[in-house]
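1. this is a predicted model, with the sequence first.
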Amino acid sequence: MPIRPTNLATMSATIAGALSGMRSDSDRSVRPVTVTFESGHRQVVDTGGCRALESDQGGVMSIEAEPAAKYALFIGDSCQGGRAVTSGRGSVTFSQPVLAGAIVLG
């Protein structure tokens with residue numbers, strides 16, 4: 001169906017409204033999360049989505065995050081097709097190291 005000039009202004013306003021709605025959600029974007037490993041090393045993960053963890057530092061001992069931040073730890077260095085080991089919200093300290101190679105923030 002062709003776009004008619006008379007409808008272009010309405011379409012532009014609709015798209016602009018949708019984009020501005022998306023921008024307001026970005027105010028609640030993922031804040032940095034700090035992952036602490038067995039070795040004592042700390043890795044800061046500052047973006048959402050799947051991120052590889054530094055594999056030579058041992059298991060994950062704790063995650064420091066804001067209370068609303070969601071996370072999932074995965075076996076291997078990829079989240080696709082990988083198995084989630086643990087997931088949750090906010091900060092957590094594990095009683096035993098969690099062997100994980102990737103984290104998803106959301």
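-> Happy to help now that I have it.
2. what's the span of stretch 76-84, first residue to last?
-> End-to-end distance for stretch 76-84, by Cα to Cα, to the nearest Å: 10 Å.
3. quick one: mean pLDDT over that stretch.
-> For stretch 76-84, mean pLDDT is 82.
4. and that stretch, what's buried?
-> Residues C79, G82 are the ones in stretch 76-84 that count as buried (16 or more other Cβ atoms under 10 Å). (Glycine included, C-beta is placed from N, CA and C.)
5. what's in contact with it?
-> Applying Cβ atoms under 8 Å, 6 or more residues apart in numbering, the contact partners of stretch 76-84 are C50, A52, L53, S55, A72, L73, F74, I75, G101, A102, V104.
6. any idea how far the second one is from I103?
-> The one in question is A52. 8 Å (Cβ to Cβ, to the nearest Å).
7. of the two, who's got more company?
-> For A52 versus I103, neighbours defined as other Cβ atoms under 10 Å are more numerous around I103 (22 against 15).
8. so that one, which of the three states?
-> strand (DSSP: H, G, I helix; E, B strand; the rest coil).
9. same check, this time on D56
-> Per three-state DSSP, D56 ends up helix.
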